[in-house]
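Q: below are the sequence and a predicted model; questions follow.
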Amino acid sequence: MKEAVVLKSTGSYYQIQDSSGPVLLARTVGKLRLLDKKLTNPIGVGDHVQYEMEAGEETNAIITGISPRKNYIVRQSPHNKHLLHLIAANIDQALLIVTVRDPMLKPGFIDRFLMMTEPQDIPVIIALNKSDLYEPDEIDLANTLCTVYKSLGYQAFLTSVISGEGLLELKEALQGSITLLSGQSGVGKSSLVNALEPNLTLRTGELSDHSGKGQHTTTFAEMLPLDGGGAIIDTPGIKSLSFNNLEILDVVHNFREIFKWSSQCKYNNCTHRNEPHCAVKKACVDGYISEIRYDHYIQILSEIEEQNHWQRKKDV
Ligand code: GDP
Ligand code: ZN
C-alpha cells in the first residue's frame, strides 16, 4: 500500500507527497473512518495517509485511509463550539514567535498557546523576536520570560532578523524536525523563516482571498519542507485562541509547575485560588512558581469558567 504525507488541506482537496515524489492532488471518496469523532475535518497537514492513483491520472490520487497519529494540534471550531478543528498532526515540536514590542506581547499569550501543545507533550521553542528594537526594560522583560520558560523545560531565546541574534540557535533547532510555526501577525514569522531559508515563502496572515479585498484571510495550514531536512508547518489561522473545550482541571495539567505542586494541596479538587493549605499558592509565595505564570493561570481559569458558564446556559 502506498503512503504519503499531507502537505496542505483545503477542506475538500489535499496536497500529498510520497517520499520525495511529485506533489499529488488527492481527494477522499465516501466516508473515511474518522480517528476522532469530535474533529470537524478528517485529515490535517502532517497526517500520514494511504492512497491510490486515480485511474488514468498521473498527479491525482484518492485517499483510502489515515494512519494513527503520534500527536495532533486542534483548536475549537469557529462554527461549532463543541467540535475541534484539526490543525496539524505528527509534529515534532512547535515554534512560537513572539515579541515584547511592535506588537506588544499580550499577557498570557504564550501560556494560552501552551494549552494546545501541553496535552500532547509537544516540545515548544519560544523565540522572542525583534530583540534589536528592545529598550533596556524590554530586554529585562524578555530575559525574565526566557528564564521562566527555560526553567520549565521549554527552549526560549531572543532572536533578531536585523542583528542576527539567535538565528543560528533557531536554525539548529529546526533542522531535521517537523515544526509547527505560530505567532500573532506582525511578530516576524515570515522575516525569520526567510532569514533562515531564503527559498521559503510563508503565506502571511495578511494574504487576501481572490476578491482582493483582504477580508477573508486563509486559515489553512501548510507544510513547507526545509532545505536541510525537516519542515515547517505554517498556521496562519491561529490568531486568537479560545478554549471552551477545556475544563478547569485541564488547565492545571497544562501548567507543568502548577500541576507538580498541586499534588501537595490539601484538597484534591483545589483550584489554587483561595483554598486553605494550597501548596501552589505557597510555592508562589516562596518563589518556586513564577508570579507571571500564576497570574496567567488565574486569568485562563476565569475565562474558561465564564465561557463554560455561558455555553452551558446556551446548551440547556
Ligand atoms: P509576520 O506577520 O509574523 O510574518 O511578520 P513579518 O515577517 O511580516 O514582519 C512584520 C514586520 O516586522 C516587518 O516590517 C518586518 O520587517 C519586521 N521585522 C521582522 N523581524 C524583525 C526583527 O527581528 N527586527 C526588526 N527591527 N524588525 C523585524
Ligand atoms: Zn492548591
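A: Cool, got the structure. Ligands and ions are numbered 1, 2, ... in the order given.

Q: need the contact list for residue 52.
A: Counting by CB atoms under 8 Å, 6 or more residues apart in numbering, residue 52 makes contact with 2, 61-62, 64. For the C-beta atoms, the positions are set from N, CA and C on the backbone; glycine is no exception.

Q: just the buried residues of those.
A: Among the contacts of residue 52, those scoring as buried are 61-62, 64 (criterion: 16 or more other CB atoms under 10 Å).

Q: so how many other residues sit close to the residue of the stretch 51-200 of the chain at minimum distance from ligand 1?
A: Going by CB to the nearest ligand atom, ligand 1 is nearest to residue 188 of the stretch 51-200 of the chain, at 2.9 Å. If you count neighbours by other CB atoms under 10 Å, residue 188 ends up with 22.

Q: which residue is the nearest non-sequential neighbour of it?
A: Residue nearest to residue 188 in three dimensions, not counting chain neighbours: residue 129, with 4.4 Å by CB to CB, 6 or more residues apart in numbering.

Q: state the distance from that neighbour to residue 135.
A: For residue 129, the distance to residue 135 equals 15 Å [CB to CB, to the nearest Å].

Q: ok, back up a step: if I pick the residue nearest to residue 188, what's in contact with it?
A: Residues near residue 129 by CB under 8 Å, 6+ apart: 97-99, 158-161, 187-188, 192.

Q: same thing but 6 Å
A: 97, 99, 159, 187-188 (CB atoms under 6 Å, 6 or more residues apart in numbering).

Q: adding secondary structure, pLDDT and distance to residue 110, write the residues you listed out as TSV.
A: Below are these laid out as TSV (DSSP: H, G, I helix; E, B strand; the rest coil; pLDDT from 0 to 100; distance: CB to CB, whole Å):
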residue	secondary structure	pLDDT	distance to residue 110
97	strand	96	11
99	coil	96	12
159	coil	98	15
187	coil	93	12
188	coil	94	16
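
Q: residue boundaries of the helices in the stretch 101-250 of the chain?
A: Under the criterion DSSP state H, counting those that start in this stretch, the stretch 101-250 of the chain contains helices at 109-117, 136-151, 167-174, 189-196, 248-254.

Q: now those in JSON lines, with mean neighbour count?
A: Formatted as JSON lines, those follow (neighbours: other CB atoms under 10 Å):
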{"stretch": "helix 109-117", "mean neighbour count": "21"}
{"stretch": "helix 136-151", "mean neighbour count": "15"}
{"stretch": "helix 167-174", "mean neighbour count": "16"}
{"stretch": "helix 189-196", "mean neighbour count": "20"}
{"stretch": "helix 248-254", "mean neighbour count": "17"}
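
Q: quick one: which of those helices is nearest ligand 2?
A: helix 248-254 (8.7 Å; CB to the ion).

Q: the closest one vs ligand 2: in contact?
A: No: Helix 248-254 stays clear of ligand 2 (CB under 5 Å from the ion), getting no nearer than 8.7 Å.

Q: just the CA atoms of that helix, as PDB, please.
A: Presented in PDB, the C-alpha positions along helix 248-254 are these (Å, rounded to 0.1, in the frame of the first residue of the first chain):
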ATOM      1  CA  ILE A 248     -10.600  23.600  34.900                       C
ATOM      2  CA  LEU A 249      -8.600  20.500  35.600                       C
ATOM      3  CA  ASP A 250      -7.200  20.600  32.100                       C
ATOM      4  CA  VAL A 251      -5.700  24.000  32.800                       C
ATOM      5  CA  VAL A 252      -3.900  22.700  35.900                       C
ATOM      6  CA  HIS A 253      -2.400  19.900  33.800                       C
ATOM      7  CA  ASN A 254      -1.200  22.300  31.200                       C
END
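
Q: quick one: mean pLDDT over it.
A: The average of the pLDDT scores along helix 248-254 is 88.

Q: do stretch 114-121 as well
A: 90.

Q: and that stretch, how far out from the chain middle?
A: Centre-to-centre, stretch 114-121 and its host chain are 8 Å apart (CA atoms, centre = their mean, to the nearest Å).

Q: mind listing the strands for this structure?
A: Ranges of strands within the chain are 2-9, 14-17, 23-28, 48-53, 60-66, 72-76, 84-89, 93-98, 124-128, 155-158, 178-182, 222-225, 231-234, based on DSSP state E.

Q: name the residues of the third one that come out as buried.
A: Of the residues in strand 23-28, those with enough neighbours to count as buried (16+ other CB under 10 Å) are 24, 26, 28.

Q: check the first one too.
A: Neighbour-count burial for strand 2-9, with 16+ other CB under 10 Å as criterion, is recorded at 4-9.

Q: would you list these in TSV and tack on pLDDT?
A: Output for these, formatted as TSV (pLDDT from 0 to 100):
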residue	pLDDT
4	97
5	97
6	97
7	96
8	94
9	88
